[in-house]
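# Predicted model and sequence below, questions to follow.
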Protein chains: 2
Amino acid sequence: MAKNPEALFLTAVGDRHRMRILNLLIEKPMSVKTLSKSLKIEQSNLSHHLKCLFDCKFVDVNVKGRNRMYSINPSIKKIIAPFNSYIRDYGAYLKTCKESS
Amino acid sequence: MAKNPEALFLTAVGDRHRMRILNLLIEKPMSVKTLSKSLKIEQSNLSHHLKCLFDCKFVDVNVKGRNRMYSINPSIKKIIAPFNSYIRDYGAYLKTCKESS
DNA sequence: TCAATATATGAATATCAAATCATATGTATT
DNA sequence: AATACATATGATTTGATATTCATATATTGA
């Protein structure tokens, strides 16, 4: 069944790693190498995540020597802020959908 | 690997059906029956999604006769608004993480 | 108490996304 | 041109999540 934009959005951003990537990039542009070190995500795996973020236009790239600098697309900042604020206030209450069955 | 609050949040809300549920409930409380009809989600499946939303405190329930009225937890409204606004403006650009390989 | 209605639950299955691995591509440096 | 470095890609494996199905529970009304 084809996904609606809401679902596309949520799967795109809805990942432990991708959210952390965005939260780092919101501060400043970074190369894959730097991201990989900071977040301890293996390079190839990280590249896959970046591709996903890029395809959805959450991040931009530009080439700088042999590095590729990823930067955040400003449009998405509006969402990250309320998201982080929610996590700060209510994060402790969250559960997986499975548990407490 | 244990999930961080960010990931918990995103998996909880990050689902085609659950987002639509929240977007309906934001207008007014509804019974499972009503939700099921409006969203054309089969009852048992819907109940599973509601449980997930409830466990994460995104919705509340109260019993009204033999119905159970689900209502949205106000704390989450702050996120739904910017989310919907993003979708409205940029939804068309979203892609699945797989395609265009 | 019995039947009807509304909802929840657990287990089994099906579907989808993430991680990994091996390798390819592109750029810079010598 | 050859090597090294940085990153991307495709295929495969692995793991997680959604759906379905059969059934249980709870409430109401006859």
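In hand now; what should we look at?
# What ranges does chain A have for its helices?
Listed from the start of the chain, chain A has helices (DSSP state H) covering A:5-13, A:16-25, A:32-39, A:43-55, A:77-90.
# now the ones you listed in CSV, with mean neighbour count, distance to chain B and mean pLDDT?
Glycine gets a C-beta too; all of them are placed from N, C-alpha and C. Listed next are the helices of chain A as CSV, based on neighbours: other CB atoms under 10 Å in any protein chain shown; distance: least, CB to the nearest CB, whole Å; pLDDT from 0 to 100:
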stretch, mean neighbour count, distance to chain B, mean pLDDT
helix A:5-13, 22, 3, 87
helix A:16-25, 20, 4, 94
helix A:32-39, 16, 12, 97
helix A:43-55, 17, 4, 96
helix A:77-90, 16, 5, 91
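# give me the number of residues near A:N62?
Using other CB atoms under 10 Å in any protein chain shown, A:N62 has 10 other residues around it.
# In terms of pLDDT, where does the nearest residue to it once chain neighbours are set aside sit?
With CB to CB, 6 or more residues apart in numbering or on different chains as the criterion, A:N62 has its nearest non-adjacent residue at 5.6 Å, and that residue is A:M69. Note on A:M69: pLDDT of 98.
# A:M69 touches A:V59, doesn't it?
No - between A:M69 and A:V59 there is no contact under CB atoms under 8 Å: 10.1 Å.
# neighbour-wise, which of these two wins?
A:V59 (22 against 17).
# contacting residues for that one?
Shown in contact with A:V59 (CB atoms under 8 Å, 6 or more residues apart in numbering or on different chains): A:I21, A:L22, A:L25, A:L50, A:L53, A:Y70, A:S71, A:I72, A:N73.
# contacting residues for the closest residue to it other than its chain neighbours?
Closest residue to A:V59 apart from its sequence neighbours, by CB to CB, 6+ apart: A:L53 at 4.6 Å. With contacts defined as CB under 8 Å, 6+ apart, the neighbours of A:L53 are A:A12, A:R18, A:I21, A:L22, A:V59, A:Y70.
# now do 10 Å
The neighbours of A:L53, taking CB atoms under 10 Å, 6 or more residues apart in numbering or on different chains as the test, are A:12-13, A:15, A:17-18, A:21-22, A:25, A:59-61, A:70, A:72-73, A:76, B:97.
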